[in-house]
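Asks: 3D model of this:
(one chain, ligands or ions: 1)
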Amino acid sequence: MSYSNSITFGPIASRRFGISLGIDLSPSSKQCNFDCLYCELEGAKTVSKMTEYPSVEEVISEIKKSFLKNEKIDVITLTANGEPTLYPKLDELVDEINKIKNNTKTLILSNGSTIYKEDTFKTLLKIDTVKLSLDCVSEKCFKKLDRTDKSIEIDKIVPSMIDFSQKTKNDFVLEILFVKDLNDKDDEIALLYNAVKKINPKRVDIGTIDRPPAYKVKPVSYKTLEKVANIFKGINVNIVYKNRPKLLGSYSKDDIVQTLKRRPLTIEDIENLFDEESKNKLEELVKNSKISLVDSSGVKFYKNL
Ligand code: SF4
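Replies: Numbering: from 1, shown residues only. Have a look, this model is predicted:
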């Protein structure tokens with residue numbers, strides 16, 4: 001079976017990473033070891049490995065064709081109709097991409113469930129940006145929300161993420177998707193905060209459902225995401241929420257310093273929270289080196305360092 005027409009998608013302009021060429025390592029059907037309630041794809045029986053997949057040669061040939069057609073590709077994004085780390089030749093593929101990519105970066109979007117497998121762990125170390133999901137810490141929540149395949153050893157996921165974060169020299173970003181009445185309860189949020197503190201990724205993106213989900217589940221409110229961001233003290237939390245409400249307030253310089261001590265804020269946060277006068281005060285603090293604007297894998301944060 002030839003997959004050539006469906007392996008690559010884009011390139012598309014992505015806000016964080018520039019021009020991104022997407023690679024679908026499971027173009028024929030959904031092959032995932034999760035069956036998340038919020039999945040944008042239709043629900044499907046979980047699998048522990050991919051059985052239908054394009055060859056490394058096919059993927060590389062499609063990437064080369066895209067390089068010829070498109071002058072500038074900033075990032076090659078490895079993804080799948082399902083879970084890309086279940087692609088059996090991932091290590092070989094990453095090595096081959098690294099041989100031809102020149103200045104292009106590599107990014108993988110994974111559900112994080114295979115990080116404790118030695119071969120996956122080693123392969124992920126070779127990718128420029130690794131973005132892993134972590135919706136739950138407790139086994140009960142993983143089983144209810146992400147509906148994990150029975151092959152997954154849930155208790156090994158967080159310890160391996162901690163280990164990976166310490167070993168990688170590249171960018172490691174976490175993503176948490178909150179679903180109403182599932183992982184938005186105080187005890188699960190506390191477990192997540194403890195895990196995230198230990199994992200210490202460059203950034204945590206928190207969001208909720210914004211496309212039709214596979215099963216009947218509901219998004220959490222913006223308020224809930226903001227509550228989580230405030231609980232996750234000192235961590236670079238990027239709230240991803242469509243049409244977030246503007247709640248403009250006035251802040252003194254001291255308020256700004258204290259607020260940023262508790263929680264770094266993104267440019268988008270500032271636009272939604274600070275009135276003009278407060279923004280001017282913030283710029284003065286940056287000029288006087290009291291506050292820094294730092295880039296965290298494509299998202300800029302104001303931080304009190
Ligand atoms: S891990 Fe991703 S692809 Fe797999 S079920 Fe969950 S949302 Fe869907």
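Asks: ok, and the closest non-adjacent residue to the residue in the stretch 101-250 of the chain positioned nearest to the ligand?
Replies: Nearest residue of the stretch 101-250 of the chain to the ligand, counting by CB to the nearest ligand atom: Asn111, 3.7 Å away. Backbone N, C-alpha and C define where each C-beta goes, glycine included. Among residues not flanking Asn111 along the chain, Ser133 sits closest, at 4.8 Å (CB to CB, 6 or more residues apart in numbering).
Asks: likewise for Ala13?
Replies: The nearest residue in space to Ala13 (CB to CB, 6+ apart) is Ile19, at 5.9 Å.
Asks: which residues sit against the helix or strand containing the one you found?
Replies: Counting by DSSP states H and E, the element that carries Ile19 is strand 18-24. When contacts are defined by CB atoms under 8 Å, 6 or more residues apart in numbering, strand 18-24 is touched by residues 6-14, 59, 62-63, 66, 70, 72-81, 107.
Asks: swap the cut-off to 6 Å and go again
Replies: 7, 9-14, 66, 72-81 (CB atoms under 6 Å, 6 or more residues apart in numbering).
Asks: distance of the residue nearest to Ala13 from Pro27?
Replies: 21 Å (CB to CB, to the nearest Å).
Asks: is Lys218 in contact with Lys180, as I believe?
Replies: Yes. Contact criterion CB atoms under 6 Å: Lys218 and Lys180 qualify, at 4.1 Å.
Asks: contacting residues for Leu191?
Replies: Per CB under 6 Å, 6+ apart, neighbours of Leu191: 137-138.
Asks: neighbours of the residue of the stretch 101-250 of the chain closest to the ligand, just the number please.
Replies: Look at Asn111: counted by other CB atoms under 10 Å, it has 24 neighbours.
Asks: check Lys30 too.
Replies: Neighbour number of Lys30 under other CB under 10 Å is 19.
Asks: please name the residues that touch it.
Replies: Residues near Lys30 by CB under 6 Å, 6+ apart: 41, 44, 81-82.
Asks: residues of the stretch 1-150 of the chain that sit close to the ligand?
Replies: Counting by CB under 6 Å from any ligand atom, the stretch 1-150 of the chain comes close to the ligand at 32, 34-36, 39, 41, 82-83, 111.
Asks: ok, the residue of the stretch 101-250 of the chain closest to the ligand touching Leu134?
Replies: No. Applying CB under 6 Å as the test, Asn111 and Leu134 come out as separate, 8.9 Å apart.
Asks: on that earlier part again, which of the residues of the stretch 1-150 of the chain next to the ligand count as buried?
Replies: 32, 34-36, 39, 82-83, 111 (16 or more other CB atoms under 10 Å).
Asks: could you dump these into TSV and include secondary structure?
Replies: Formatted as TSV, these follow (DSSP: H, G, I helix; E, B strand; the rest coil):
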residue	secondary structure
Cys32	coil
Phe34	coil
Asp35	coil
Cys36	coil
Cys39	coil
Gly82	strand
Glu83	coil
Asn111	coil
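Asks: could I get the residues you listed as CSV with pLDDT and distance to Tyr241?
Replies: Listed next are these as CSV, based on pLDDT from 0 to 100; distance: CB to CB, whole Å:
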residue, pLDDT, distance to Tyr241
Cys32, 98, 25
Phe34, 97, 23
Asp35, 97, 25
Cys36, 97, 19
Cys39, 96, 19
Gly82, 94, 26
Glu83, 98, 25
Asn111, 98, 21
